[in-house]
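1. mind folding the following:
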Amino acid sequence: MKPDFATVATLSAVIESDIKAVETMTHRLNGIAASLDPESFTELAGAAYLLHNIYNALENSFEQISRSFENHVNDASKWHKELLSKMFLDIPGIRPAVFVQNHRGILNELRGFRHVFRHSYDFEIDPQKLQIVIGDFLAQQEALVRALGTFKDRLLRDHDS
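-> Numbering: from 1, shown residues only. Here you go, the predicted structure:
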């Protein structure tokens with residue numbers, strides 16, 4: 001079932017807000033990543049925190065998209081993974097896919113990083129692994145934001161047609 005205009009307009013505004021948050025945090029991450037000192041806990045923690053929050057902002061949009069259209073998750077124990085998987089589904093008559101399959105790897109990498117960062121209270125940040133995740137994200141950030149923005153733009157356009 002397609003959502004009503006108020007739902008679509010609200011979702012569009014949420015996605016726009018999340019895109020702005022991702023762009024702001026990416027700008028900050030770029031500033032840290034350019035001269036990241038692998039010996040500085042503060043810099044490593046700051047970069048990790050930004051990656052964590054970037055995925056949180058993206059996932060907020062994913063959750064709102066899911067609630068606005070299909071509104072269910074089957075397996076609560078795999079909620080985050082299932083939610084991400086739904087963003088690659090083209091659901092005929094309901095909504096297009098948010099992302100192309102090429103984006104699955106980096107989004108899954110960010111989801112996994114966020115999980116470890118959020119739930120592993122006694123782990124040490126591995127500077128090399130962190131640099132890899134940062135590099136992978138920064139290489140695809142524009143394409144991710146563009147895909148989410150394209151989806152947002154289609155919401156109102158498709159609702160009017």
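2. run the chain-centre distance for the helix or strand of the chain with the lowest mean pLDDT.
-> Here the helix or strand of the chain ranked lowest by mean pLDDT, DSSP states H and E is helix 104-119, holding a mean of 89. Centre-to-centre, helix 104-119 and its host chain are 10 Å apart (C-alpha atoms, centre = their mean, to the nearest Å).
3. ok, now how distant is residue 65 from residue 118?
-> Distance, residue 65 to residue 118, by C-beta to C-beta, to the nearest Å: 22 Å. Placement of C-beta: from N, CA and C, glycine included.
4. check which helix or strand the one residue sitting closest to the centre of the chain maps to.
-> For the chain, the residue nearest the mean C-alpha position is residue 58 (2.6 Å; C-alpha atoms, centre = their mean). Per DSSP states H and E, residue 58 falls inside helix 41-68.
5. in stretch 140-150, what's buried?
-> For stretch 140-150, the neighbour count (16 or more other C-beta atoms under 10 Å) marks 140-141, 144-145, 147-148 as buried.
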